[in-house]
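**Student:** kindly return the folded structure for what I paste below:
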Amino acid sequence: MVTTSQFAPGRFSSLLALVSFATGTIFLFLHLLFPKVVQIIIAGYIYVLLAILINCCTLLYLIYLFALYRFHRETVAIKILILLANIPIALLYLNIVIHNN
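**Tutor:** Residues are numbered from 1 along each chain as shown. Got it, this is the predicted structure:
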């Protein structure tokens, strides 16, 4: 049995959420500073596709942990919410990029 002190799911997922947010913000600022540079837009879209793939895999893993460890559901649920918090931020950034061109 895994004890509470041993159970640390989501260290990776929390770090992933933070890194995804920071990287997306950097791409947004680069695009706002240099709106005509096509390479930034292409790199941003590639980043978004990779981030979606990695974040979805991490989300599926967290859902698996949520189902598996019923005594740690609150902890896992918080990690899921932290990861999902990037979705509205990404949509806001996309809206800014679309309306900036």
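**Student:** count of neighbours near residue 86?
**Tutor:** For residue 86, the count of nearby residues is 18 (other CB atoms under 10 Å). Heads up, the C-betas are built off the backbone N, CA and C, glycines and all.
**Student:** who's in contact with it?
**Tutor:** 17, 20-21, 24, 55 (CB atoms under 8 Å, 6 or more residues apart in numbering).
**Student:** could you pull out the helices for this protein?
**Tutor:** Under the criterion DSSP state H, the chain contains helices at 11-33, 38-68, 73-84, 86-100.
**Student:** next, the buried residues of the second one.
**Tutor:** The neighbour-count criterion (16 or more other CB atoms under 10 Å) identifies 40-41, 44, 48, 51, 55, 58-59, 61-62, 65-66 as the buried residues of helix 38-68.
**Student:** just to revisit the earlier point, possible to save the helices of the chain as a markdown table with mean pLDDT?
**Tutor:** As requested, the helices of the chain are exported to a markdown table (pLDDT from 0 to 100):
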| stretch | mean pLDDT |
| --- | --- |
| helix 11-33 | 94 |
| helix 38-68 | 94 |
| helix 73-84 | 93 |
| helix 86-100 | 91 |
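**Student:** the residue nearest to the spatial centre of the chain: what's it in contact with?
**Tutor:** Nearest residue to the geometric centre of the chain (CA atoms, centre = their mean): residue 17, 4.0 Å. Contact partners of residue 17, counting by CB under 8 Å, 6+ apart, are 55, 82-83, 85-86.
**Student:** nearest to residue 13 among these?
**Tutor:** Among the contacts of residue 17, residue 83 lies closest to residue 13 (CB to CB), at 5.3 Å.
**Student:** can you get me a residue count around the closest one?
**Tutor:** Around residue 83 there are 20 residues (other CB under 10 Å).
**Student:** I'd guessed it sits against residue 59; true?
**Tutor:** Yes: counting by CB atoms under 8 Å, residue 59 is a contact partner of residue 83 at 5.8 Å.
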